[in-house]
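Asks: how would this look folded up:
(chains A, B, C and D)
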Protein chains: 2
Amino acid sequence: MGKQMTEMLKGVLEGIVLAILAGRSAYGYEITAWLREQGFSDIAEGTVYALLIRIERRGLVDVEKVPSEKGPPRKVYAVNAQGRQYLEEFWKTWGFLSDRLEQLHQGGN
Amino acid sequence: MGKQMTEMLKGVLEGIVLAILAGRSAYGYEITAWLREQGFSDIAEGTVYALLIRIERRGLVDVEKVPSEKGPPRKVYAVNAQGRQYLEEFWKTWGFLSDRLEQLHQGGN
DNA sequence: CCTCACTATTCAGTGTTACTATGTACCGGT
DNA sequence: ACCGGTACATAGTAACACTGAATAGTGAGG
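Replies: Next up is the predicted model:
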């Protein structure tokens, strides 16, 4: 996709990753791969790692280092209570925005 | 709202404004007022004006100066063909994102 | 043994976007 | 003359995703 997607992902990608982690714990490489499968073909690896470090610093996730058979140790992330609360607010904000846009899309065009 | 909304608006606000203008032509002050009515309570005036100048420079809208009875002249914006095309892509991008998030919201939680 | 491919993480520098906080200017009512 | 409402503009800041590269461990093939 293009620049439009890049800009639209701001503030949303964080919620997406947290939502993934709310389903089950995962590590960066895994999340990146999953996103690519879902069609987010141009999300850079660096972006995901930077995001993970950010939400870790904010205390939204817990981290555990797990050795890998095929490479350097993995950093496995899991949402904690604070992260779950943040995610809940994320869904509220998204819902609000989604509703307005739905209206605009229906009526306007 | 909070910081979450601020970040989520990036890349979306542009589409919102274009969608409004696709419904009917409008000027900055009017758009700001409308957004506030819709619940975007903390969108700064400056933000809208900066955005309008941006999309004008990109050639997505046509501008006409119209004298006002109650103040300085209004800059009335109208989407042109290029803007309509951009808006179409915006809806596609939004739709894609909306679908993924819908899935995540259903399944994950 | 050595390189290649895959796994896995990190980081410096850049561009875009929205917010804050102003400033300018025009008008009508008191 | 002053003030509030209308209307637009801008310099500086913060946050976020991308680019492009570096670092490191493992196993397979030549």
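
Asks: Can you pull the phi and psi angles for A:Val61?
Replies: Note on A:Val61: backbone dihedrals following degrees, to the nearest 10 are phi -140, psi 150.

Asks: shouldn't it be in contact with A:Ala22?
Replies: No. A:Val61 is beyond contact range of A:Ala22, at 10.2 Å (criterion: C-beta atoms under 8 Å). The way it works is simple: take the backbone N, C-alpha and C, and place the C-beta from them, glycine included.

Asks: More neighbours: the two, which one.
Replies: Comparing A:Val61 with A:Ala22 by other C-beta atoms under 10 Å in any protein chain shown, the one with more neighbours is A:Val61, at 23 against 17.

Asks: Who is the more buried one paired with across the strands?
Replies: According to DSSP bridges, the partner residues bridging A:Val61 are A:Val79.

Asks: can you tell me the helix or strand for the residue nearest the centre of chain A?
Replies: When C-alpha atoms, centre = their mean is applied to chain A, the residue found nearest the centroid is A:Val17 (1.9 Å). Element membership of A:Val17 [criterion: DSSP states H and E] is helix A:13-23.

Asks: ok, which stretches of chain A are strands?
Replies: Under the criterion DSSP state E, chain A carries strands at the ranges A:26-27, A:61-66, A:74-79.

Asks: if we can go back for a sec, between A:Val61 and A:Ala22, which contacts overlap?
Replies: When C-beta atoms under 8 Å, 6 or more residues apart in numbering or on different chains defines a contact, the residues bordering A:Val61 and A:Ala22 alike are A:Val79, A:Gly83.

Asks: got the residues of chain A near DNA strand D?
Replies: Contact residues (C-beta under 7 Å from any atom of the strand) of chain A with DNA strand D: A:6, A:9-14, A:42-47, A:50-51, A:54, A:69-72.

Asks: out of those residues, which are buried?
Replies: A:Thr6, A:Leu9, A:Gly11, A:Val12, A:Leu13, A:Glu14, A:Ile43, A:Thr47, A:Leu51 (16 or more other C-beta atoms under 10 Å in any protein chain shown).
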